[in-house]
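In: pasting the sequence and the predicted model now:
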Amino acid sequence: MHPLHLQYRLPLTVALLLVARSLELSAQSSAPTTRLLGGGLAVAVVAQDSQAVHKVVLDTDLGFASDDAMALLILLQSGAVDLLGVTVVTGNAWLDQEVANTLRLLEIAGRDEVPVHAGAEYPLVNSMEEMRLRESLYGETSEGGYKGAWKLDGPGREEVRPPDSRFAQKAVEPLSATEFLIRTVRDNPGEVVVIAIGPLTNIALAVSLDPEMARLARRLVVMGGGIGTRPEFNFWMDPEAARMVLRAPWPEIVVTPLNICRQAPFTREVAEAAARGGSPIARYFADTFIADHWAPVTSLMYDQIAVLSLLEPSVVQRSDTLWLDVEIDHGASYGATLYWDGSLEPPPGVRQVEVLFDLDYPRFIEHFVTLMTQP
Ligand SMILES: [Ca+2]
(Lines give C-alpha, C1' and ligand atoms only; values in the text may rest on other atoms or scores of the structure.)
Protein backbone atom coordinates (compact mmCIF):
# COMPACT_ATOMS: atom_id res chain seq x y z
CA MET A 1 0.00 0.00 0.00
CA HIS A 2 1.26 3.53 -0.75
CA PRO A 3 2.11 5.30 2.53
CA LEU A 4 -0.21 8.17 1.67
CA HIS A 5 -3.17 5.85 1.94
CA LEU A 6 -2.48 5.43 5.63
CA GLN A 7 -3.29 9.08 6.27
CA TYR A 8 -6.78 8.70 4.87
CA ARG A 9 -7.40 5.76 7.18
CA LEU A 10 -6.65 7.75 10.36
CA PRO A 11 -9.76 8.06 12.51
CA LEU A 12 -11.03 11.65 12.47
CA THR A 13 -10.39 12.21 16.19
CA VAL A 14 -6.75 11.12 15.87
CA ALA A 15 -6.26 13.36 12.85
CA LEU A 16 -7.76 16.33 14.72
CA LEU A 17 -5.55 15.63 17.72
CA LEU A 18 -2.49 15.60 15.46
CA VAL A 19 -3.49 18.91 13.90
CA ALA A 20 -4.17 20.44 17.33
CA ARG A 21 -0.84 19.22 18.66
CA SER A 22 1.04 20.54 15.65
CA LEU A 23 -0.65 23.93 16.02
CA GLU A 24 0.25 23.96 19.69
CA LEU A 25 3.87 23.13 18.87
CA SER A 26 3.96 25.84 16.24
CA ALA A 27 2.62 28.38 18.70
CA GLN A 28 5.41 27.46 21.13
CA SER A 29 8.08 27.79 18.46
CA SER A 30 9.26 31.05 16.99
CA ALA A 31 7.44 30.33 13.71
CA PRO A 32 5.22 33.17 12.54
CA THR A 33 1.57 32.15 12.92
CA THR A 34 0.98 32.87 9.22
CA ARG A 35 2.76 29.61 8.56
CA LEU A 36 -0.09 27.65 10.12
CA LEU A 37 -1.69 26.58 6.88
CA GLY A 38 -2.71 23.08 7.91
CA GLY A 39 -1.70 20.16 10.09
CA GLY A 40 0.79 18.50 7.77
CA LEU A 41 2.52 21.72 6.75
CA ALA A 42 2.68 22.93 10.34
CA VAL A 43 4.51 19.75 11.35
CA ALA A 44 7.11 20.33 8.62
CA VAL A 45 7.61 23.93 9.73
CA VAL A 46 8.01 22.88 13.37
CA ALA A 47 10.70 20.39 12.43
CA GLN A 48 12.62 23.12 10.59
CA ASP A 49 12.24 25.68 13.35
CA SER A 50 13.27 23.36 16.15
CA GLN A 51 16.54 22.90 14.25
CA ALA A 52 16.88 26.61 13.62
CA VAL A 53 16.66 27.67 17.28
CA HIS A 54 20.13 27.44 18.74
CA LYS A 55 20.57 26.91 22.46
CA VAL A 56 23.77 28.83 23.11
CA VAL A 57 26.26 29.48 25.90
CA LEU A 58 28.65 32.31 25.06
CA ASP A 59 32.13 32.23 26.61
CA THR A 60 33.70 35.66 26.22
CA ASP A 61 36.42 38.12 27.24
CA LEU A 62 34.11 41.07 26.76
CA GLY A 63 35.52 44.56 26.42
CA PHE A 64 32.71 47.11 26.59
CA ALA A 65 33.56 48.61 23.17
CA SER A 66 34.62 45.47 21.38
CA ASP A 67 33.93 42.69 18.93
CA ASP A 68 32.84 40.52 21.87
CA ALA A 69 30.20 43.09 22.83
CA MET A 70 28.82 43.11 19.29
CA ALA A 71 28.88 39.29 19.18
CA LEU A 72 26.75 39.24 22.33
CA LEU A 73 24.36 41.77 20.79
CA ILE A 74 23.98 39.55 17.70
CA LEU A 75 22.91 36.66 19.94
CA LEU A 76 20.50 38.89 21.88
CA GLN A 77 18.93 40.31 18.72
CA SER A 78 18.51 37.04 16.84
CA GLY A 79 15.15 35.31 17.07
CA ALA A 80 16.91 32.03 16.32
CA VAL A 81 18.88 32.00 19.58
CA ASP A 82 18.00 30.88 23.07
CA LEU A 83 20.92 32.36 25.03
CA LEU A 84 21.20 30.20 28.14
CA GLY A 85 24.01 32.18 29.75
CA VAL A 86 27.28 34.04 29.36
CA THR A 87 30.54 32.82 30.90
CA VAL A 88 33.51 35.17 31.22
CA VAL A 89 37.27 34.62 31.07
CA THR A 90 40.28 36.96 31.33
CA GLY A 91 41.48 38.00 27.88
CA ASN A 92 40.91 41.44 26.41
CA ALA A 93 40.70 42.74 29.99
CA TRP A 94 40.88 41.23 33.46
CA LEU A 95 38.00 39.04 34.58
CA ASP A 96 36.19 41.39 36.98
CA GLN A 97 36.20 44.25 34.49
CA GLU A 98 34.81 41.98 31.78
CA VAL A 99 32.09 40.70 34.12
CA ALA A 100 31.11 44.33 34.85
CA ASN A 101 31.12 45.07 31.10
CA THR A 102 28.92 42.05 30.30
CA LEU A 103 26.38 42.81 33.04
CA ARG A 104 26.13 46.43 31.93
CA LEU A 105 25.75 45.58 28.23
CA LEU A 106 22.95 43.13 29.05
CA GLU A 107 21.29 45.83 31.16
CA ILE A 108 21.53 48.38 28.33
CA ALA A 109 20.01 45.85 25.92
CA GLY A 110 17.16 45.19 28.39
CA ARG A 111 18.23 41.55 28.71
CA ASP A 112 19.63 41.27 32.22
CA GLU A 113 17.68 38.05 32.77
CA VAL A 114 20.55 36.30 30.96
CA PRO A 115 22.82 34.91 33.70
CA VAL A 116 26.50 35.87 33.79
CA HIS A 117 29.06 33.50 35.33
CA ALA A 118 32.66 34.41 36.13
CA GLY A 119 35.36 31.93 35.16
CA ALA A 120 39.13 31.81 35.04
CA GLU A 121 41.29 34.75 36.06
CA TYR A 122 44.50 33.16 34.79
CA PRO A 123 45.44 30.73 32.00
CA LEU A 124 46.21 27.10 32.82
CA VAL A 125 50.01 27.41 32.51
CA ASN A 126 50.93 30.65 30.77
CA SER A 127 51.58 33.84 32.77
CA MET A 128 52.41 37.51 32.29
CA GLU A 129 55.82 36.94 33.81
CA GLU A 130 56.64 34.12 31.44
CA MET A 131 55.35 36.16 28.49
CA ARG A 132 57.74 38.99 29.39
CA LEU A 133 60.63 36.57 29.71
CA ARG A 134 59.83 35.01 26.33
CA GLU A 135 59.60 38.41 24.69
CA SER A 136 62.96 39.41 26.16
CA LEU A 137 64.39 36.31 24.43
CA TYR A 138 62.46 36.20 21.15
CA GLY A 139 60.91 39.64 20.63
CA GLU A 140 57.22 40.15 19.96
CA THR A 141 55.36 36.83 20.11
CA SER A 142 51.70 37.73 19.53
CA GLU A 143 49.81 38.68 16.40
CA GLY A 144 50.03 42.46 16.02
CA GLY A 145 51.62 42.82 19.45
CA TYR A 146 48.16 42.82 21.07
CA LYS A 147 48.21 41.70 24.71
CA GLY A 148 44.74 42.48 26.10
CA ALA A 149 44.72 42.39 29.91
CA TRP A 150 48.47 41.81 29.86
CA LYS A 151 49.49 45.04 28.20
CA LEU A 152 52.19 46.77 30.22
CA ASP A 153 50.41 50.06 30.98
CA GLY A 154 46.92 48.54 31.37
CA PRO A 155 44.77 48.70 34.52
CA GLY A 156 45.52 46.12 37.19
CA ARG A 157 43.50 43.05 37.96
CA GLU A 158 41.53 44.65 40.79
CA GLU A 159 40.97 47.99 39.10
CA VAL A 160 37.37 47.78 37.86
CA ARG A 161 35.87 50.87 36.23
CA PRO A 162 32.26 51.63 35.29
CA PRO A 163 31.86 50.30 31.73
CA ASP A 164 30.15 53.51 30.57
CA SER A 165 28.55 55.90 33.01
CA ARG A 166 27.71 53.30 35.63
CA PHE A 167 27.77 49.69 36.79
CA ALA A 168 24.82 47.36 36.19
CA GLN A 169 22.42 46.80 39.07
CA LYS A 170 22.50 43.03 38.70
CA ALA A 171 25.37 41.01 40.14
CA VAL A 172 27.27 38.06 38.73
CA GLU A 173 25.84 34.59 39.50
CA PRO A 174 27.43 32.64 42.36
CA LEU A 175 27.97 29.52 40.23
CA SER A 176 31.35 29.43 38.45
CA ALA A 177 31.55 29.50 34.66
CA THR A 178 32.91 25.98 34.54
CA GLU A 179 30.13 24.51 36.68
CA PHE A 180 27.53 26.42 34.70
CA LEU A 181 28.93 25.11 31.39
CA ILE A 182 28.88 21.51 32.59
CA ARG A 183 25.41 21.72 34.14
CA THR A 184 23.88 23.48 31.16
CA VAL A 185 25.25 21.02 28.62
CA ARG A 186 24.21 18.06 30.78
CA ASP A 187 20.70 19.48 31.27
CA ASN A 188 20.30 19.83 27.47
CA PRO A 189 22.12 16.82 26.03
CA GLY A 190 22.90 17.11 22.32
CA GLU A 191 21.49 20.64 22.09
CA VAL A 192 23.92 23.27 23.36
CA VAL A 193 26.21 25.19 21.04
CA VAL A 194 29.18 26.48 23.03
CA ILE A 195 30.54 29.64 21.39
CA ALA A 196 34.01 30.47 22.70
CA ILE A 197 35.31 33.90 21.68
CA GLY A 198 38.01 34.42 24.31
CA PRO A 199 40.98 32.40 25.57
CA LEU A 200 39.78 28.82 26.05
CA THR A 201 40.55 28.44 29.77
CA ASN A 202 36.94 28.06 30.96
CA ILE A 203 36.15 25.46 28.33
CA ALA A 204 39.36 23.53 29.06
CA LEU A 205 38.50 23.44 32.77
CA ALA A 206 35.00 22.18 31.95
CA VAL A 207 36.20 19.34 29.70
CA SER A 208 38.90 18.53 32.23
CA LEU A 209 36.41 18.17 35.09
CA ASP A 210 33.80 16.44 32.94
CA PRO A 211 35.25 14.85 29.79
CA GLU A 212 31.78 13.70 28.68
CA MET A 213 30.61 17.29 28.57
CA ALA A 214 32.16 17.91 25.13
CA ARG A 215 30.48 14.83 23.67
CA LEU A 216 27.10 15.94 25.09
CA ALA A 217 27.23 19.39 23.49
CA ARG A 218 25.90 19.95 19.99
CA ARG A 219 28.77 21.95 18.58
CA LEU A 220 31.78 24.03 19.60
CA VAL A 221 32.30 27.34 17.81
CA VAL A 222 35.70 28.96 18.39
CA MET A 223 37.14 32.30 17.37
CA GLY A 224 40.85 31.66 17.50
CA GLY A 225 43.97 30.60 15.72
CA GLY A 226 45.36 31.55 12.36
CA ILE A 227 46.50 29.42 9.43
CA GLY A 228 50.06 30.50 8.60
CA THR A 229 49.95 33.51 10.94
CA ARG A 230 51.78 34.40 14.13
CA PRO A 231 50.06 33.22 17.32
CA GLU A 232 46.52 34.59 17.45
CA PHE A 233 45.57 36.30 20.75
CA ASN A 234 43.05 33.77 22.19
CA PHE A 235 45.37 30.82 21.53
CA TRP A 236 48.44 32.90 22.51
CA MET A 237 47.12 33.73 25.98
CA ASP A 238 46.24 30.14 26.91
CA PRO A 239 47.84 27.70 24.46
CA GLU A 240 47.40 24.63 26.67
CA ALA A 241 43.68 25.32 27.04
CA ALA A 242 43.23 25.76 23.29
CA ARG A 243 45.05 22.50 22.65
CA MET A 244 42.92 20.59 25.19
CA VAL A 245 39.67 22.01 23.85
CA LEU A 246 40.45 21.28 20.19
CA ARG A 247 41.24 17.65 21.10
CA ALA A 248 38.06 17.08 23.15
CA PRO A 249 35.26 14.92 21.67
CA TRP A 250 32.81 17.63 20.51
CA PRO A 251 30.48 16.27 17.82
CA GLU A 252 31.46 19.27 15.65
CA ILE A 253 34.06 22.04 15.89
CA VAL A 254 33.93 25.18 13.75
CA VAL A 255 36.90 27.55 13.98
CA THR A 256 36.94 31.20 12.89
CA PRO A 257 40.66 32.01 12.43
CA LEU A 258 42.43 35.31 11.73
CA ASN A 259 42.37 34.53 8.00
CA ILE A 260 38.65 35.22 7.59
CA CYS A 261 38.57 37.96 10.24
CA ARG A 262 41.03 40.05 8.22
CA GLN A 263 38.34 40.36 5.55
CA ALA A 264 35.95 42.14 7.93
CA PRO A 265 36.89 45.71 8.94
CA PHE A 266 34.67 47.44 11.50
CA THR A 267 34.40 50.89 9.95
CA ARG A 268 32.79 54.13 10.99
CA GLU A 269 30.18 53.53 8.27
CA VAL A 270 29.20 50.19 9.84
CA ALA A 271 29.02 51.80 13.29
CA GLU A 272 26.87 54.63 11.92
CA ALA A 273 24.51 52.19 10.23
CA ALA A 274 24.10 50.28 13.51
CA ALA A 275 23.51 53.55 15.38
CA ARG A 276 20.43 54.49 13.34
CA GLY A 277 17.16 54.80 15.23
CA GLY A 278 16.47 55.41 18.87
CA SER A 279 16.83 51.93 20.36
CA PRO A 280 19.11 51.31 23.35
CA ILE A 281 21.43 49.34 21.04
CA ALA A 282 21.55 52.22 18.55
CA ARG A 283 22.47 54.53 21.43
CA TYR A 284 25.17 52.08 22.53
CA PHE A 285 26.76 52.30 19.07
CA ALA A 286 26.40 56.08 18.98
CA ASP A 287 27.85 56.62 22.45
CA THR A 288 30.57 53.99 22.25
CA PHE A 289 31.85 54.21 18.68
CA ILE A 290 30.71 57.54 17.22
CA ALA A 291 30.70 60.08 20.07
CA ASP A 292 33.51 62.60 20.63
CA HIS A 293 35.91 60.09 22.12
CA TRP A 294 35.78 57.99 18.92
CA ALA A 295 39.28 57.08 17.82
CA PRO A 296 39.65 55.69 14.29
CA VAL A 297 41.57 52.62 15.39
CA THR A 298 41.90 49.67 13.06
CA SER A 299 39.46 47.08 14.22
CA LEU A 300 38.28 43.80 12.75
CA MET A 301 35.00 41.99 13.37
CA TYR A 302 36.56 38.79 14.76
CA ASP A 303 33.94 37.51 17.19
CA GLN A 304 30.97 38.77 15.18
CA ILE A 305 31.98 36.39 12.36
CA ALA A 306 32.12 33.39 14.72
CA VAL A 307 28.58 34.11 15.93
CA LEU A 308 26.94 35.28 12.71
CA SER A 309 28.34 32.39 10.65
CA LEU A 310 26.42 30.03 12.96
CA LEU A 311 23.17 31.91 12.42
CA GLU A 312 23.69 32.80 8.74
CA PRO A 313 26.02 30.20 7.20
CA SER A 314 25.68 31.90 3.78
CA VAL A 315 28.05 34.69 4.91
CA VAL A 316 30.90 32.18 4.60
CA GLN A 317 32.11 31.72 1.02
CA ARG A 318 34.76 29.10 1.69
CA SER A 319 35.67 26.77 4.52
CA ASP A 320 37.96 23.78 4.68
CA THR A 321 38.41 20.72 6.87
CA LEU A 322 41.82 20.63 8.54
CA TRP A 323 43.48 18.86 11.44
CA LEU A 324 44.14 21.63 13.97
CA ASP A 325 46.38 21.77 17.02
CA VAL A 326 48.22 24.34 19.12
CA GLU A 327 51.97 24.67 19.79
CA ILE A 328 52.66 24.24 23.52
CA ASP A 329 56.45 24.27 23.40
CA HIS A 330 57.26 27.37 25.49
CA GLY A 331 59.45 29.01 22.84
CA ALA A 332 58.98 31.70 20.20
CA SER A 333 55.99 29.90 18.64
CA TYR A 334 54.13 29.15 21.89
CA GLY A 335 50.42 29.38 21.02
CA ALA A 336 50.84 29.13 17.24
CA THR A 337 48.20 27.21 15.28
CA LEU A 338 49.42 23.90 13.87
CA TYR A 339 47.53 22.43 10.94
CA TRP A 340 47.54 19.47 8.57
CA ASP A 341 45.52 19.10 5.39
CA GLY A 342 45.80 15.32 5.19
CA SER A 343 48.88 15.18 2.95
CA LEU A 344 50.93 14.56 6.11
CA GLU A 345 49.71 12.45 8.98
CA PRO A 346 48.85 14.53 12.06
CA PRO A 347 50.03 13.37 15.51
CA PRO A 348 47.70 11.13 17.54
CA GLY A 349 44.91 12.98 19.34
CA VAL A 350 44.66 15.81 16.81
CA ARG A 351 41.25 16.01 15.20
CA GLN A 352 39.56 17.48 12.18
CA VAL A 353 37.69 20.75 12.45
CA GLU A 354 35.89 23.01 10.01
CA VAL A 355 37.95 26.16 9.42
CA LEU A 356 36.28 29.25 7.93
CA PHE A 357 38.41 31.02 5.30
CA ASP A 358 36.48 33.44 3.08
CA LEU A 359 33.72 35.89 3.94
CA ASP A 360 30.97 37.46 1.86
CA TYR A 361 31.61 40.83 3.53
CA PRO A 362 28.68 42.81 2.04
CA ARG A 363 26.24 40.05 3.01
CA PHE A 364 27.81 39.77 6.46
CA ILE A 365 27.48 43.53 7.06
CA GLU A 366 23.91 43.50 5.78
CA HIS A 367 22.92 40.78 8.27
CA PHE A 368 24.84 42.49 11.06
CA VAL A 369 23.21 45.88 10.56
CA THR A 370 19.76 44.31 10.15
CA LEU A 371 20.13 42.54 13.49
CA MET A 372 21.49 45.61 15.28
CA THR A 373 18.70 47.86 14.03
CA GLN A 374 15.69 45.60 14.42
CA PRO A 375 13.39 46.33 17.39
CA1 LIG B 1 36.99 37.93 22.24
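Out: Now that the structure is in, tell me what you want to look at.
In: what helix or strand is the residue lying closest to residue 134 once chain neighbours are set aside on?
Out: Excluding its sequence neighbours, the residue lying closest to residue 134 (CB to CB, 6 or more residues apart in numbering) is residue 141, at 5.7 Å. (Glycine included, C-beta is placed from N, CA and C.) Per DSSP states H and E, residue 141 falls between elements, in no helix or strand.
In: burial count for residue 141?
Out: Neighbour count for residue 141, taken as other CB atoms under 10 Å: 20.
In: use 2 as the first number from now on
Out: In the new count, where the first residue is 2, that last one comes out as residue 142.
In: what's it in contact with, if anything?
Out: 132, 135, 136, 231, 232, 237, 333, 335, 336 (CB atoms under 8 Å, 6 or more residues apart in numbering).
In: which of those count as buried?
Out: Neighbour-count burial (16 or more other CB atoms under 10 Å) applied to the contacts of residue 142 gives 132, 135, 231, 232, 237, 333, 335, 336.
In: relative to the ion, which of those is nearest.
Out: Of all the buried ones among the contacts of residue 142, the ion sits closest to residue 237, with 12.4 Å by CB to the ion.
In: my read: that closest one touches residue 146, true?
Out: No: contact between residue 237 and residue 146 fails when scored by CB atoms under 8 Å: they sit 10.8 Å apart.
In: near the ion, which residues of the protein?
Out: Proximity of the chain to the ion, by CB under 5 Å from the ion, involves residues 62, 69, 198, 199, 304.
In: can I get these in CSV including pLDDT?
Out: Written out in CSV, the entries for the residues of the chain next to the ion read as follows (pLDDT from 0 to 100):
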residue, pLDDT
62, 98
69, 97
198, 98
199, 98
304, 98
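In: okay, these in CSV with distance to residue 122 next?
Out: As requested, the residues of the chain next to the ion are exported to CSV (distance: CB to CB, whole Å):
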residue, distance to residue 122
62, 12
69, 17
198, 18
199, 12
304, 21
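In: among these, which ones are in helices?
Out: Judged by DSSP state H, the residues of the chain next to the ion include 69, 304 as members of helices.
In: same list (the residues of the chain next to the ion) but as TSV, adding neighbour count.
Out: Below are the residues of the chain next to the ion laid out as TSV (neighbours: other CB atoms under 10 Å):
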residue	neighbour count
62	31
69	30
198	30
199	31
304	29
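In: of all the residues of the chain next to the ion, which comes closest to residue 160?
Out: Using CB to CB, residue 62 is the member of the residues of the chain next to the ion that lies nearest residue 160, at 16.5 Å.
In: next, the closest residue in space to residue 181 that isn't next to it in sequence: secondary structure please.
Out: Spatial nearest neighbour of residue 181, chain neighbours left out: residue 118 (4.3 Å); criterion: CB to CB, 6+ apart. The assignment at residue 118 comes out as strand when based on DSSP: H, G, I helix; E, B strand; the rest coil.
In: next, the contact list for residue 118, please.
Out: Applying CB under 8 Å, 6+ apart, the residues near residue 118 are 86, 87, 88, 89, 173, 174, 176, 177, 178, 180, 181.
In: neighbours around residue 79, how many?
Out: Neighbour count of residue 79, defined by other CB under 10 Å: 21.
In: check contacts around it.
Out: Residue 79 neighbours (CB under 8 Å, 6+ apart): 312, 372.
In: surely residue 105 touches residue 164?
Out: Yes: here residue 105 lies in contact with residue 164, judged by CB under 8 Å, at a distance of 4.1 Å.
In: give me the common contacts of those two.
Out: Contacts common to residue 105 and residue 164, judged by CB under 8 Å, 6+ apart, are residue 65.
In: where along the stretch 202-351 of the chain do the strands fall?
Out: For the stretch 202-351 of the chain, the strands defined by DSSP state E, counting those that start in this stretch occupy 220-224, 254-257, 317-327, 338-341.
In: strand partners of the second one, parallel vs antiparallel please.
Out: If I follow you right, that is strand 254-257. When pairing is defined by DSSP bridges, strand 254-257 lines up against strand 220-224 (parallel), strand 352-360 (parallel).
In: what do you get for the third one?
Out: Within its sheet, and counting by DSSP bridges, strand 317-327 is paired with strand 338-341 (antiparallel), strand 352-360 (antiparallel).
In: which other residues reach the last one?
Out: The one in question is strand 352-360. With CB under 8 Å, 6+ apart, strand 352-360 has contacts from 228, 247-248, 253-258, 260-261, 264-265, 306, 310, 316-325, 340.
In: how about low-confidence regions in the stretch 102-251 of the chain?
Out: For the stretch 102-251 of the chain, no stretch has pLDDT under 70.
In: what sits against the closest residue to the ion within it?
Out: With CB to the ion, the shortest gap between the stretch 102-251 of the chain and the ion falls at residue 198, namely 4.2 Å. The contact partners of residue 198, taken as CB under 8 Å, 6+ apart, are 59-62, 68-69, 72, 223-224, 235, 303-304, 307-308.
In: nearest residue to the spatially most central residue of the chain other than its sequence neighbours?
Out: For the chain, the residue lying nearest the average C-alpha position, counting by CA atoms, centre = their mean, turns out to be residue 196 (3.4 Å). Excluding the flanking residues, the one nearest residue 196 by CB to CB, 6+ apart is residue 222, at 4.4 Å.
In: residue 197 is in contact with that neighbour, correct?
Out: Yes: judged on CB under 8 Å, residue 222 makes contact with residue 197 at a distance of 7.0 Å.
In: with neighbour numbers in mind, choose between the two.
Out: A count of neighbours by other CB under 10 Å puts residue 197 above the other of residue 222 and residue 197, at 30 against 25.
In: nearest spatial neighbour of the more buried one, skipping sequence neighbours?
Out: With sequence-adjacent residues excluded and distances taken as CB to CB, 6+ apart, residue 197 is closest to residue 60, at 4.5 Å.
In: surely the one you found is within a helix?
Out: No: read with three-state DSSP, residue 60 is strand and lies in no helix.
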